[in-house]
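Q: Attaching a predicted model along with its sequence, questions to come.
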Amino acid sequence: MKALHFGAGNIGRGFIGKLLADAGIQLTFADVNQTVLDALNERHSYQVHVVGEQEQIDTVSNVNAVSSIGDDVVTLIADVALVTTAVGPVVLERIAPAVAKGLVLRRANGNEKPLNIIACENMVRGTSQLKAHVMKALSEDDQAWVEQHVGFVDSAVDRIVPPSESATNDPLEVTVETFSEWIVDKTQFKGELPNIPGMELTDNLMAFVERKLFTLNTGHAITAYLGQLAGHQTIRDAILDERIRAVVKGAMDESGAVLIKRYGFDAEKHAAYIQKILGRFENPYLKDDVERVGRQPLRKLSAGDRLIKPLLGTIEYGLPHQFLVEGIAAAMHYRSAEDPQAQELEKLLAEKGPQATLAEISGLDAHSDVVAEALKAYSNK
């Protein structure tokens, strides 16, 4: 099988690209970073440091690369059996025109073999959003052909891949944690279901999307925001602070109660999953900075994301949400000179005050009890 993967950054190389190459798939990366492209085409391999209970170095082999803005990527889409992405949510719209051109060429070439496209992004149903962007760039006739021959498969991905601190200045070196999870919606594939070790097929994707969002993402963000307030630099330092850990675990327990109500997750198994997540935050090999993890607070405080969405679930089911509110209040205090959203948040708070700012960002009713609770927690920090 041949595959094309958009995004040769740390997540692309350390997670999805590695799984595909390890499965014996002939893999080509597409990216705009010429240094990385040149290194991949010169060596056709790279090393991945896998760190956790045991440390090991894996070599990923038989890979090559093309520019994601050239004709080569269009030609590949017309030929391969699988296209994956790890480019970040905002970049999906930018790669859609190239994907559309590739699909038009695929049809013109008479290639009616099934093609499946999977966006592996830290977002809910990212592939469906990519599909909407692609379809906008196609004629009605081409749209009908694509619906028949191309599967747009949603997925949930989970692996912590911190920024690389390579002592060798190797542009391809990457560090990842041992844990990884790639869950895909098997109902959306065209043709035979693939057999790729590390890819888990499900017919209930949203349960796993929300499990990850409400646990890993919720806990990670709250650890970062409370950690910054307490003067900690890394996620590990923050989660080892007993006061922060109690709030983070409390928030994950509250969001977990929503998941148990909504999807019927086993309470004991979910409690064990929460403990596993806390253990991942403690990983001494992952030097993940609280400032980096906290970035884009406006997105993280929006209605469909990791802080407000589980809070809305607790309101829906009449469940406690004290610790989630603490996390939301801490997020409103996040500051970063490197992050435009942090600066926009600071500006909104200065101009409109915390009540109107939180309501505007989150969609919550400014006069609701939960906003009052959040304002009280915000003023106490």
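A: Done, it's in.
Q: And the pLDDT for the spatially most central residue of the chain?
A: Geometric centre of the chain, nearest residue: Asn122, 1.6 Å, by Cα atoms, centre = their mean. On the pLDDT scale, Asn122 is placed at 83.
Q: element containing the residue lying farthest from the centre of the chain, please.
A: What lies farthest from the middle of the chain is Gly110; by Cα atoms, centre = their mean that is 34.8 Å. Under DSSP states H and E, no helix or strand contains Gly110.
Q: What values do phi and psi take at it?
A: When read as degrees, to the nearest 10, the backbone of Gly110 gives phi 80, psi 20.
Q: circling back: can I assume the residue nearest to the centre of the chain sits in a strand?
A: No. Counting by DSSP: H, G, I helix; E, B strand; the rest coil, Asn122 is not part of a strand but coil.
Q: please renumber so the chain begins at 39
A: That works, and once the first residue is 39, the last one we named lands at Asn160.
Q: Would you check that it makes contact with Pro127?
A: Yes. Contact criterion Cβ atoms under 8 Å: Asn160 and Pro127 qualify, at 7.1 Å. (C-beta placed from N, C-alpha, C; glycine too.)
Q: Okay, strands next: where are they in the chain?
A: With strands called from DSSP state E, the chain shows them at 40-44, 64-69, 83-89, 94-99, 101-105, 120-123, 153-157, 188-191, 193-196, 212-215, 219-223, 237-240.
Q: okay, the first one in CSV with CA atoms only?
A: Presented in CSV, the C-alpha positions along strand 40-44 are these (Å, rounded to 0.1, in the frame of the first residue of the first chain):
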residue,chain,number,x,y,z
LYS,A,40,1.1,3.6,-0.7
ALA,A,41,0.2,6.4,1.6
LEU,A,42,0.7,10.2,1.6
HIS,A,43,1.0,12.0,4.9
PHE,A,44,0.5,15.8,5.2
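Q: Which positions in that strand come out as buried?
A: Across strand 40-44, burial judged by 16 or more other Cβ atoms under 10 Å covers 41-44.
Q: cool, the fourth one as well?
A: Within strand 94-99, the residues that count as buried by 16+ other Cβ under 10 Å are Val98.
Q: try the second one
A: For strand 64-69, the buried set under the neighbour-count rule, 16+ other Cβ under 10 Å, comprises 65-69.
Q: Turn these into JSON lines, including distance to Pro392.
A: As requested, the buried residues of strand 64-69 are exported to JSON lines (distance: Cβ to Cβ, whole Å):
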{"residue": "Leu65", "distance to Pro392": "48"}
{"residue": "Thr66", "distance to Pro392": "48"}
{"residue": "Phe67", "distance to Pro392": "44"}
{"residue": "Ala68", "distance to Pro392": "43"}
{"residue": "Asp69", "distance to Pro392": "40"}
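Q: I'd like to know which of these is nearest to Tyr416.
A: Closest approach to Tyr416 among these (Cβ to Cβ): Asp69, at 40.3 Å.
Q: who touches the closest one in this structure?
A: Asp69 makes contact with 44-47, 50, 75, 103, 105-106 under the criterion Cβ atoms under 8 Å, 6 or more residues apart in numbering.
Q: how about the nearest residue to Phe303, chain neighbours excluded?
A: Excluding the flanking residues, the one nearest Phe303 by Cβ to Cβ, 6 or more residues apart in numbering is Leu297, at 5.2 Å.
Q: give the contact list for the one you found.
A: Applying Cβ under 8 Å, 6+ apart, we find Leu297 in contact with 245, 248-249, 252-253, 303, 308, 351.
Q: of all those, which two lie farthest apart?
A: Top of the distance list for the contacts of Leu297 (Cβ to Cβ): His308 and Gly351, 13.9 Å.
Q: Count the neighbours of the closest residue to Thr272 other than its chain neighbours for me.
A: The shortest distance from Thr272 to any non-neighbouring residue, by Cβ to Cβ, 6+ apart, is to Lys325 (5.7 Å). Each residue near Lys325 was counted by other Cβ atoms under 10 Å, and the total is 15.
Q: cool, and Gly302?
A: Residues near Gly302, counting by other Cβ under 10 Å, number 9.
Q: Ok, Ala157 next?
A: Neighbour number of Ala157 under other Cβ under 10 Å is 27.
Q: what pairs with it across the strands?
A: Thr123 (DSSP bridges).
Q: Next: Val212.
A: Beta bridges link Val212 to Val86 when assigned by DSSP bridges.
Q: contacting residues around it?
A: Contacts of Val212 by Cβ under 8 Å, 6+ apart are 48, 51-52, 84-87, 199, 202.
Q: quick one: which of those residues is nearest to Arg318?
A: Nearest to Arg318 among the contacts of Val212 is Val199, at 12.0 Å by Cβ to Cβ.
Q: all helices in the stretch 239-388 of the chain, in order from the N-terminus.
A: According to DSSP state H, counting those that start in this stretch, the stretch 239-388 of the chain carries its helices in the segments 243-250, 256-267, 273-277, 280-301, 305-319, 328-331, 335-338, 346-355, 360-370, 378-400.
Q: Dump the ones you listed into TSV; add distance to Gln167 and mean pLDDT as well.
A: Listed next are those as TSV, based on distance: least, Cβ to Cβ, whole Å; pLDDT from 0 to 100:
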stretch	distance to Gln167	mean pLDDT
helix 243-250	13	94
helix 256-267	21	98
helix 273-277	28	97
helix 280-301	22	98
helix 305-319	26	97
helix 328-331	23	96
helix 335-338	14	97
helix 346-355	17	98
helix 360-370	24	98
helix 378-400	19	98
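Q: Let's have those in a markdown table, adding distance to Thr123.
A: Listed next are these as a markdown table, based on distance: least, Cβ to Cβ, whole Å:
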| stretch | distance to Thr123 |
| --- | --- |
| helix 243-250 | 16 |
| helix 256-267 | 21 |
| helix 273-277 | 26 |
| helix 280-301 | 26 |
| helix 305-319 | 24 |
| helix 328-331 | 21 |
| helix 335-338 | 18 |
| helix 346-355 | 23 |
| helix 360-370 | 27 |
| helix 378-400 | 22 |
